[in-house]
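K.L.:
here's my sequence, what's the structure:
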Amino acid sequence: MGVDFGYRGKRLGLPEEGPGAIAPLGRRFGAIFIDWSLCMVIAYGLLARGDQQAAGNWALGVFLLMSALTVGTIGCTPGKRLLGLRVVAEDGGRLGFGRVIVRTVLLLLVIPALVWDRDGRGLHDRLGRAVQVRM
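P.N.:
Model (predicted):
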């Protein structure tokens, strides 16, 4: 019926299952939900002083800062950590700070994160040369 490209992550040299395999989409969506909820709570409680509109705007900045600091240093955000995921460079090493910023800004634009390749990586990961894998 169609061309068999193998499992997700095969082209990148990643295992099919277990640690180091491509992160499942459900866990990735769960992690972003946890991270965004955390950013909204921080923005609403500490920065916006109860103003919901301002909290949404502040949450973008909190998310940018949180993601840049946590992915840039330990390789995962709090949501990813809770769900057993991490972000690595395509070669399996640590993601550089510049690529973390590119990836995070594109993620905040939302649309690049919704355009996937056959490995299940969003455009933000492709342009940042990153891969979300299981721990």
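K.L.:
mind listing what's buried along the worst-scoring helix or strand of the chain on mean pLDDT?
P.N.:
Sorting the helices and strands of the chain by mean pLDDT, DSSP states H and E puts helix 111-114 at the bottom, at a mean of 85. Residues 112-113 are the ones in helix 111-114 that count as buried (16 or more other CB atoms under 10 Å). C-betas here are computed from N, CA, C, even on glycine.
K.L.:
now whatever helix or strand comes next after that helix - C-alpha only, PDB.
P.N.:
Next helix or strand after helix 111-114 toward the C-terminus (DSSP states H and E): helix 123-127. The C-alpha trace of helix 123-127 is given here as PDB (Å, rounded to 0.1, in the frame of the first residue of the first chain):
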ATOM      1  CA  LEU A 123       9.400  21.700  13.000                       C
ATOM      2  CA  HIS A 124      10.700  23.400  16.200                       C
ATOM      3  CA  ASP A 125      12.700  20.300  17.000                       C
ATOM      4  CA  ARG A 126      14.000  19.900  13.400                       C
ATOM      5  CA  LEU A 127      15.200  23.500  13.100                       C
END
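K.L.:
now do the buried residues in helix 123-127.
P.N.:
Buried residues in helix 123-127, defined by neighbour count with 16+ other CB under 10 Å: 123-126.
K.L.:
for stretch 83-100, same thing?
P.N.:
Here stretch 83-100 shows 83, 85-88, 90, 94-95, 99-100 as buried, counting by 16+ other CB under 10 Å.
K.L.:
and if you look at stretch 55-74?
P.N.:
By 16+ other CB under 10 Å, the buried positions in stretch 55-74 come out as 55, 58-59, 62-64, 66-68, 70-72.
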